[in-house]
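Novice: Sharing a model prediction with you, sequence too.
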Amino acid sequence: PGPHVICEGEAVQLTAPPGCACLMQWYRDGTTLTGETFPTLMARASGNYTLMLSSPSGCKSVSPAVTVTVKPAPPVALSADRREVCIGDSIVLRVTAPASATLIWRRDGADLPAVVGVSRVVRESGTYSVTAHDTNGCSAESLPLFVRVIAIPSVTVTMTGGNPLCQGDSLALAVRFESEVQYRWYRNGQLLASDTTERLVVRDAGTYLVIAAHVVGCADTSLPVAITLHPRPSVSLSGPGTVCLNARRTYRVAVSAGVGIRWTVQGGSAESAIDRDTLAVRWLSAGTGTVRVTVTDTATGCATETRLDVSVGSSLQPVITASRNGILCQGDSVHLDAGAGFASYRWNTGATTPSIVVRVSGTYSVLVTDSSGCSGTSNPLTVRVNPPPAPMIVASGRTSFCEGDSVSLDAGAYASYRWNSGDTTRVVVVRTTGTFTVLVRDSAGCEGLSQSLDVLVSPKPFPVITVQGPTSFCEGDSVVLSVQAGFAT
């Protein structure tokens, strides 16, 4: 049967006669349709379709032609003058289609009421499409077109923090965050170029507002917010920063009228009212203490706090410095210095100077006092004055002897020796007449001179024999031999 008329995109099902165990091949306008060898064919293109049947014995037959005519779908396209608008504005949609076509509008898949002409004004977001039906009964649907109607950003400013502000404090102004929205903050009409988020930190007085603008251009301006800034009261705290343990000291704060004062102390005890401009403190703990005062403007509530760190010493600890070690020789002296910077000095010798000169043995200390009244005593320093050594020369034998003999002189055990003979040893051997002394130095460096010792060296005797008579004589005679007088034996 046929002919068949269909619209573009549709198909006609052609079917071979039943009961034939044949090989089949479909043709369109005499051209083999490759791969179409089945009993059923879905025809989608215009033409004359035939079917060749081939029996197992080789017999062939061709069916009568069936004509299929495909009518084109009407062309349809949808466009818009813009895709995004602010709420309250509209978008114009326009359809391009044959004038004779019937148009059906849809938003998000739902049919819309018909309109006259090919244009439609829309004020709602959605996905729009148009289906065109022509006089052949064929239809086509446009590609979908999404449009968006954007709400104007919310610009109600909320404040976090107190207003008025105290100098140095801050508060936050904020609006609700919305995506695709840009924020521009202004102070006294001047753009704050670096502040482009939904939140603004405010530290200065002024009138603030924000303009929130969607990237499409929808914008709104907030109501202005006035911020007031109050100065903090000025404060000047005075008092000693170095004190002694258990000392009582006074601290003062210079302020203007109309303020409240409150003191706090760490490391000590307040001994006067803590809401006056003067505070007496007794320092009870060695180390670092703190005096802190808070001054509050009673009209604005703005406050200023300042502090003074106080060094609390347990006592002064002067150190005596000696110009040399504390071991002296008789006649020497040492300079003892207690150091500069103290208000007064009192040595256990009765001296009141920063330094003293010592020439006698003893233990020395000094009590010092500084300008704040703190005092302390040094550790004792011992000075020892050694007597000079008294060397005694000891001779190993007689100090009077004959020429050619000798005697050893021993000065005793000391650190060093200097004999008047030039020798530098403990023992010297003497072979000549003389008076001998030795200067010795002990281990403390003190020197002492011995008493002198005389040594007498006598020349050897030389006897001369005198003969009285001949030295050659007969037996029984004699001769007289004599030597000069003066010999002991």
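Specialist: Nice, I can see it.

Novice: and Cys7, what does it touch?
Specialist: Cys7 makes contact with Val70, Lys71, Pro72, Ala73, Asn136, Gly137, Cys138, Ser139, according to CB atoms under 8 Å, 6 or more residues apart in numbering. For every residue, glycine as well, the C-beta is placed using N, CA and C.

Novice: likewise Asp89?
Specialist: Going by CB under 8 Å, 6+ apart, the list of residues near Asp89 reads Arg123, Val149.

Novice: mind redoing it with 6 Å?
Specialist: Residues in contact with Asp89, defined by CB atoms under 6 Å, 6 or more residues apart in numbering, are absent; none qualify.

Novice: Closest one of the contacts of Cys7 to Gln266?
Specialist: Ser139 (90.8 Å; CB to CB).

Novice: can you count the residues close to that closest one?
Specialist: Here the count is done by other CB atoms under 10 Å, and Ser139 has 18 residues near it.

Novice: if we can go back for a sec, tell me which two of the contacts of Cys7 sit farthest apart.
Specialist: Among the contacts of Cys7, the pair separated by the greatest distance (CB to CB) is Val70 and Ser139, at 14.1 Å.

Novice: The contacts of Cys7 in helices, which ones?
Specialist: When the contacts of Cys7 are checked against helices using DSSP state H, none is located there.

Novice: can you redo those as JSON lines with pLDDT and distance to Thr349?
Specialist: Rendered in JSON lines, the data for the contacts of Cys7 read as follows (pLDDT from 0 to 100; distance: CB to CB, whole Å):
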{"residue": "Val70", "pLDDT": "95", "distance to Thr349": "136"}
{"residue": "Lys71", "pLDDT": "94", "distance to Thr349": "137"}
{"residue": "Pro72", "pLDDT": "92", "distance to Thr349": "133"}
{"residue": "Ala73", "pLDDT": "92", "distance to Thr349": "129"}
{"residue": "Asn136", "pLDDT": "88", "distance to Thr349": "137"}
{"residue": "Gly137", "pLDDT": "89", "distance to Thr349": "137"}
{"residue": "Cys138", "pLDDT": "93", "distance to Thr349": "133"}
{"residue": "Ser139", "pLDDT": "93", "distance to Thr349": "129"}
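
Novice: Val85: which of those is nearest?
Specialist: Here the nearest of the contacts of Cys7 to Val85, counting by CB to CB, is Ser139; it sits at 30.2 Å.

Novice: Go ahead and confirm that closest one touches Leu103.
Specialist: No: in this structure, Ser139 is not within contact of Leu103 by CB atoms under 6 Å, at 10.2 Å.

Novice: on that earlier part again, next step: the contacts of Cys7 restricted to strands.
Specialist: Val70, Lys71, Ser139 (DSSP state E).

Novice: residues contacting the nearest residue to Val255 once chain neighbours are set aside?
Specialist: By the measure of CB to CB, 6 or more residues apart in numbering, the closest residue to Val255 outside its immediate chain neighbours is Val295, 5.2 Å from it. Shown in contact with Val295 (CB under 6 Å, 6+ apart): Pro233, Val235, Val255, Val259, Ile261, Thr304.

Novice: With respect to pLDDT, which of the residues you listed ranks lowest?
Specialist: Among those, Val255 has the lowest pLDDT, at 87.

Novice: Can you pull the phi/psi pair for that residue?
Specialist: phi -140, psi 170 (degrees, to the nearest 10).

Novice: re earlier: got TSV for the ones in strands among the contacts of Cys7, with distance to Val5 too?
Specialist: Converted to TSV, the ones in strands among the contacts of Cys7 look like this (distance: CB to CB, whole Å):
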residue	distance to Val5
Val70	8
Lys71	6
Ser139	15
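
Novice: and of the residues you listed, the nearest to Gly268?
Specialist: For Gly268, the nearest member of the ones in strands among the contacts of Cys7 is Ser139. The distance, counting by CB to CB, is 97.9 Å.

Novice: Across the sheet, point out what pairs with that closest one.
Specialist: The bridge-partner assignment for Ser139, based on DSSP bridges, gives His133.

Novice: And Val281, by the same measure?
Specialist: Where Val281 sits in a bridge, its partners, by DSSP bridges, are Arg249, Ala270.

Novice: Please apply the same query to Gln266.
Specialist: Thr290.

Novice: just the buried members of the contacts of Val295?
Specialist: Pro233, Val235, Val255, Val259, Ile261, Thr304 (16 or more other CB atoms under 10 Å).

Novice: In strands only, show me the residues you listed.
Specialist: Among those, the members falling in strands (DSSP E) are Val259, Ile261, Thr304.

Novice: Turn these into CSV, including distance to Ala340.
Specialist: Putting those into CSV (distance: CB to CB, whole Å) gives the following:
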residue, distance to Ala340
Val259, 43
Ile261, 39
Thr304, 39
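
Novice: Out of those residues, which comes closest to Glu198?
Specialist: Thr304 (33.4 Å).

Novice: my guess is that closest one contacts His230, does it?
Specialist: No: using CB under 6 Å, Thr304 and His230 do not qualify as a contacting pair, with a distance of 11.6 Å.

Novice: Okay, now the unreliable bits of the stretch 301-450 of the chain?
Specialist: Residues of the stretch 301-450 of the chain meeting the criterion pLDDT under 70: 372.

Novice: and if we set it to 90?
Specialist: Flagging of the stretch 301-450 of the chain using pLDDT under 90 yields the residue ranges 311-318, 323-332, 340-343, 369-377, 386, 404, 443-445.

Novice: how much space is there between Cys329 and Ser355?
Specialist: 21 Å (CB to CB, to the nearest Å).

Novice: do Asp89 as well
Specialist: In this structure, Asp89 lies at 98 Å from Ser355, with CB to CB as the measure.

Novice: which SS state does Ala42 fall under?
Specialist: Heads up, residue 42 is Met, not Ala. Here Met42 takes the strand state, with states given by DSSP: H, G, I helix; E, B strand; the rest coil.

Novice: which residues sit against stretch 223-237?
Specialist: With CB under 6 Å, 6+ apart as the contact definition, stretch 223-237 has outside contacts at 157, 163-167, 202, 205-209, 253-254, 259, 293, 295, 297, 300, 302, 304, 306, 308.
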